[in-house]
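Novice: below is the sequence, then the predicted model.
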Amino acid sequence: MKVVIIGNGMYVSGRGTDGFGTILPAVLEYKRGGGEVLEVHMVGTNRKHSLVAAAKANELMKQTGISVKLNVYPDIIEKDIKAYKDVLNTIEGRLACAIVSVPDHLHFQITRDCLESGFHTLVVKPLTPTVKEAKELIDLAEKMNLYGAVEFHKRWDRQNLMLRDIFQSHRLGDPLYTWTEYSQRKSIPTEIFRSWVEKTNILQYLGVHYVDIIRFITGATPIRVMALGQKNWLKNQGLNVHDAIQCMVEWEMENNTKFTQILLTNWVDPESTSAISDQKLKIIGTKGRFEADQKTRGIRLIIDGKNLEEPNPDFCQPYRTADNKSRWQGYGIKSIATFLQDVNDIYKCKITLGSLVGNRPTFEEAVISTAVVETAGKSLAANGNWKPVEGL
């Protein structure tokens, strides 16, 4: 398998952080588990950044003891925003796929280029900012007989899998409402994503995860959305983007039962918070309630000179093996490794594209969360008026 990774930033390689991201560790762990990864082509737009990401990747391979042939781009030209197109056009052989990890507003064009080049494609969330774009990608993937999925890794979180089983066994009764609070530190919009943060918002970038999770757990369809937001602190930092967005979604089950999702998001948490993401989820039904603190997972790390840390051992974490190598585990790893295995199985005719429908976060599933986010944007522009979800 030849894996083309478009993007080389924090989530891919850990560039700009002390870590190694999620995508590269997942690719290496897939190979450790027997996956047939021959080459990795990691494509950025800036040669300097590409070399930094390559250094990260080489150190990661050293620490894990797992190696792949690594090619990085651009490798000669200092800046090349179309380098990924050249890579897509030069990869030889049938067993290949693409992973797209770029700013939200670039998802549509780059994913379309991947599909048109014949690559099964995984896209980090959200699929696209608009339903029109999402549907075009769905149609193109179907036309090209290709697998398209969104990296909604929370579908592999054991807490959410437990909730799904409990909900679908009707132990909670009919759903009444669900409540989520999801936030991140100020450095995310002001430092890490500053160059493109005004082209997205906190609901589209982060809250979309929990829109998808409600779809995954309940199978319901969104009917209407309302949203309010505040521009205060970030505006004073020279960024015309919401500090926080509060969103309500009315969902309808197949049996016509309706329930409300309350989704509170912000990315102005203090840098001293104990984790990059603070996330909590509740679902209340006529027979019971499920509550999950998805930040505080039982570990507290207190060290001289540092803030309290509450690491998540379940998402993407390296663990030392008996031979003193790092082995990465967690639902972030499993999400990407599952895509790679699915692609492998498709090429070997072990599974069909149809068998993945309903079992994976396919483009068809992802259009639902895209519709909610797009409708929320319309409500924000209309001072919080309810807006119907259209286009599904």
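Specialist: Yep, that arrived.

Novice: what sits closest to residue 81 if chain neighbours are left out?
Specialist: residue 45 (4.8 Å; Cβ to Cβ, 6 or more residues apart in numbering). Yep, even glycine has a C-beta here, placed from its N, CA and C like the rest.

Novice: could you check how far that neighbour is from residue 10?
Specialist: 15 Å (Cβ to Cβ, to the nearest Å).

Novice: more neighbours: the two, which one.
Specialist: Higher neighbour count among residue 45 and residue 10: residue 45, with 21 against 17, using other Cβ atoms under 10 Å.

Novice: how about the contacts made by the more buried one?
Specialist: If you count contacts by Cβ atoms under 8 Å, 6 or more residues apart in numbering, residue 45 has them with 74, 79-81, 83.

Novice: quick one: pLDDT of it?
Specialist: With respect to pLDDT, residue 45 scores 96.

Novice: any idea which element residue 267 lies in?
Specialist: If you go by DSSP states H and E, residue 267 is part of strand 258-269.

Novice: neighbouring strands of that strand in the sheet, and parallel or not?
Specialist: strand 175-185 (parallel), strand 244-252 (antiparallel) (DSSP bridges).

Novice: now the ones you listed as a markdown table including mean pLDDT, distance to residue 103 and mean neighbour count?
Specialist: Shown next, in a markdown table, are these (pLDDT from 0 to 100; distance: least, Cβ to Cβ, whole Å; neighbours: other Cβ atoms under 10 Å):
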| stretch | mean pLDDT | distance to residue 103 | mean neighbour count |
| --- | --- | --- | --- |
| strand 175-185 | 98 | 16 | 20 |
| strand 244-252 | 98 | 18 | 21 |
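
Novice: format the ones you listed as a markdown table; extra columns: distance to residue 28.
Specialist: Rendered in a markdown table, the data for the strands paired with strand 258-269 read as follows (distance: least, Cβ to Cβ, whole Å):
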| stretch | distance to residue 28 |
| --- | --- |
| strand 175-185 | 26 |
| strand 244-252 | 36 |
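
Novice: nearest to residue 14, of those strands?
Specialist: strand 175-185 (16.3 Å; Cβ to Cβ).

Novice: run the chain-centre distance for the closest one.
Specialist: Remark: strand 175-185 is offset 17 Å from the chain centroid, using Cα atoms, centre = their mean, to the nearest Å.

Novice: and stretch 324-335, by the same measure?
Specialist: 16 Å.

Novice: repeat for stretch 5-20
Specialist: That offset, for stretch 5-20, works out to 14 Å (Cα atoms, centre = their mean).

Novice: phi, psi for residue 96 please.
Specialist: Dihedral angles phi and psi of residue 96 (degrees, to the nearest 10) take the values phi -150, psi 160.

Novice: what about it, neighbour count?
Specialist: 21.

Novice: start the count at 21, not 1, going forward
Specialist: Right, with 21 as the first residue, what we last looked at is residue 116.

Novice: excluding sequence neighbours, find me the nearest residue to it.
Specialist: In space, residue 116 is closest to residue 22, 4.3 Å off (Cβ to Cβ, 6+ apart).

Novice: quick one: the one you found from residue 59, how far?
Specialist: Distance from residue 22 to residue 59, by Cβ to Cβ: 5 Å.

Novice: contacting residues for the residue nearest to residue 116?
Specialist: 58-61, 111, 113, 115-117.

Novice: re earlier: now whatever helix or strand comes next after the strand holding residue 287: buried residues?
Specialist: With elements assigned by DSSP H and E, the helix or strand that comes after strand 278-289 is strand 297-305. By neighbour count on 16 or more other Cβ atoms under 10 Å, the buried set for strand 297-305 is 297-305.

Novice: before we move on, what about stretch 396-408?
Specialist: 396-400, 407.

Novice: circling back: output the buried residues of strand 297-305 as TSV; include the columns distance to residue 354 and pLDDT.
Specialist: Formatted as TSV, those follow (distance: Cβ to Cβ, whole Å; pLDDT from 0 to 100):
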residue	distance to residue 354	pLDDT
297	18	94
298	23	96
299	18	96
300	22	97
301	19	98
302	25	98
303	23	98
304	29	98
305	28	98
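
Novice: okay if I get those as a markdown table plus distance to residue 335?
Specialist: Listed next are those as a markdown table, based on distance: Cβ to Cβ, whole Å:
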| residue | distance to residue 335 |
| --- | --- |
| 297 | 9 |
| 298 | 14 |
| 299 | 11 |
| 300 | 15 |
| 301 | 15 |
| 302 | 20 |
| 303 | 21 |
| 304 | 26 |
| 305 | 27 |
